[in-house]
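*Asks:* Only the shape, not the letters, is given here:
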């Protein structure tokens, strides 16, 4: 689907799984189910910790590890970051000697997360039955004349 020049790939089925990819920004929004396509991108922005928005996280991390990609990075609401960290560590420990790197990044509304030198994600408050947050994706560009 293309919305105002932004390509959005993925799907959402309430209670089953939500996962959207923004390929031009190289990010994933929620990882409620695993997809090979989502594993192409390092950073996953998680809106909340319901299973239909987070269940594919461990597969995302394992896949990226198996193919030698950089570790998965999960940007999550700060209130649930310790639990998500513990869940991921439990899954990794069940694999025995196979180490799987991943990073959990706790964030709160108002924070700005830099994705690249000109791409940023602003964390915004949302209302849900559990701690949740939304994300605003934006670019900052400078278009100065060459002499400046």
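*Replies:* Received the coordinates, thanks. No experiment lies behind these values; they were computed from the predicted model shown.
*Asks:* CA only for contacts and neighbour counts going forward, please
*Replies:* Fine.
*Asks:* residue nearest the centroid of the chain?
*Replies:* residue 44 (1.1 Å; Cα atoms, centre = their mean).
*Asks:* thought that one was touching residue 25?
*Replies:* No - taking contacts as Cα atoms under 8 Å, residue 44 lies outside contact range of residue 25: 11.5 Å.
*Asks:* Let me see the residues that make contact with the helix or strand encompassing the residue nearest to the centre of the chain.
*Replies:* Using DSSP states H and E, residue 44 maps to strand 43-45. The contact list for strand 43-45 (Cα atoms under 8 Å, 6 or more residues apart in numbering) reads 26, 27, 28, 29, 30, 31, 72, 73, 74, 75, 76, 135.
*Asks:* Apply 10 Å and report the result again.
*Replies:* Residues outside strand 43-45 that contact it (Cα atoms under 10 Å, 6 or more residues apart in numbering) are 19-21, 26-31, 38, 53-54, 57, 60, 70-77, 103-105, 115, 121, 123, 133-135.
*Asks:* Mind checking which of the residues you listed land in helices?
*Replies:* Among the contacts of strand 43-45, the members found in helices (DSSP state H) are 53, 54, 57, 60.
*Asks:* Now do the contacts for the nearest residue to the last one once chain neighbours are set aside.
*Replies:* So the one you mean is residue 60. The shortest distance from residue 60 to any non-neighbouring residue, by Cα to Cα, 6 or more residues apart in numbering, is to residue 39 (5.5 Å). Residue 39 sits next to 21, 27-28, 31, 56-57, 59-64, 67, 69, 72 when contact means Cα under 10 Å, 6+ apart.
*Asks:* Report the buried members of those.
*Replies:* 21, 27-28, 31, 56-57, 59-64, 72 (16 or more other Cα atoms under 10 Å).
*Asks:* Work out the gap between the lowest-mean-pLDDT helix or strand in the chain and the centre of the chain.
*Replies:* The weakest-scoring helix or strand in the chain, judged by mean pLDDT, DSSP states H and E, is strand 2-3 (a mean of 80). Distance of strand 2-3 from the chain centroid (Cα atoms, centre = their mean, to the nearest Å) equals 20 Å.
*Asks:* Same check on stretch 6-14?
*Replies:* For stretch 6-14 - counting by Cα atoms, centre = their mean - the centre lies 14 Å from the chain centre.
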